[in-house]
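**Q** this one's structure only:
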């Protein structure tokens, strides 16, 4: 009996001290925030809160830093859409990121085209997460990858009993309070980059465009087909390569923000100076995952706000 009482006493003491420490921590953080010594977002991060991706009526787009590759997450209400997954080594990071942001499952996975820097870890995410729908362009047989990452992707699809939807213009994806509409590929190409399934996300008055690795040829086809319009946030094509972001394309979308997803010190030299100069004619609000880390846009009735992993 004495042993049991000591255990209960120790438990009560630990509980009491836990409450006291929590109250003191909350009070200290309140005072720091009250006198502008600590902003609210930092407070939330320190307390482990604020992990829910979007509040009611909001929509968030997370441009996740996966190095030299693409991975974007759209979250609104109880819906989550994942666009691309970066290289194969990013699988664990993406799954961890989803869990940290309380994403229970993925309603739709859009893979813009079958290059490893855009879908290298798709198989890992599919194996470790429930995915409702998978969309990817149907490409020419001679362009279909035979690499291990693609074979693993097909195997994971089969093991999970999933089917693949061929990307084409007009497909609409439920994005909670927003809607994602595919606008390409318009036709067949001789290069996988031009097959990229581009899409426009609309949330109230705010809009985002995801481009994969669209190059100038497919940009022109989308423009000629009448699919382009003014866009608030442009995920810059092909990691900021000079082969993308033509003058005609940019003049059609007139972005207010640009996001370039590329790896620090990448061997391709992305983003290329001439592409940056073309984009800067429309906006100086250009975010780069190699410099800013993960970039998160929050869309609501008041407009857009931006938060970056690497704060200045």
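**A** Now that the structure is in, tell me what you want to look at. Note that the structure is predicted; figures quoted are calculated from it, not measured. Numbering: from 1, shown residues only.
**Q** per-residue confidence at residue 7?
**A** Note for residue 7: predicted pLDDT of 35.
**Q** What of residue 55?
**A** So, for residue 55, pLDDT stands at 78.
**Q** Quickly note the distance from it to residue 206.
**A** 15 Å (Cβ to Cβ, to the nearest Å). (Glycine included, C-beta is placed from N, CA and C.)
**Q** And those two? Which one has more around it.
**A** For residue 55 versus residue 206, neighbours defined as other Cβ atoms under 10 Å are more numerous around residue 206 (22 against 12).
**Q** got a list of what that one touches?
**A** Residue 206 sits next to 59, 232, 233, 299, 303, 304 when contact means Cβ atoms under 8 Å, 6 or more residues apart in numbering.
**Q** Find the residue closest to it in space, skipping its chain neighbours.
**A** With sequence-adjacent residues excluded and distances taken as Cβ to Cβ, 6 or more residues apart in numbering, residue 206 is closest to residue 299, at 4.3 Å.
**Q** Surely the one you found touches residue 204?
**A** Yes - using Cβ atoms under 8 Å, residue 299 is in contact with residue 204, at 7.0 Å.
**Q** Below-threshold pLDDT in the chain: ranges please.
**A** 1-53, 312 (pLDDT under 70).
**Q** Does the residue most central in space within the chain have any beta-bridge partners, and if so which?
**A** Centroid-nearest residue in the chain: residue 72, 1.5 Å away (criterion: Cα atoms, centre = their mean). Residue 72 forms beta bridges with residue 63, residue 83, as assigned by DSSP bridges.
**Q** and the gap between residue 249 and residue 112?
**A** For residue 249, the distance to residue 112 - Cβ to Cβ - is 16 Å.
**Q** More neighbours: which of those two?
**A** Each of residue 249 and residue 112 has its neighbours counted (other Cβ under 10 Å); residue 112 has more, 32 against 21.
**Q** does the more buried one really touch residue 210, like I thought?
**A** Yes - when contacts are counted by Cβ under 8 Å, residue 112 is listed as touching residue 210 (7.2 Å).
**Q** and residue 199, how many neighbours?
**A** Using other Cβ under 10 Å, residue 199 has 29 neighbouring residues.
**Q** Then residue 102?
**A** Neighbour tally, residue 102, other Cβ under 10 Å: 11.
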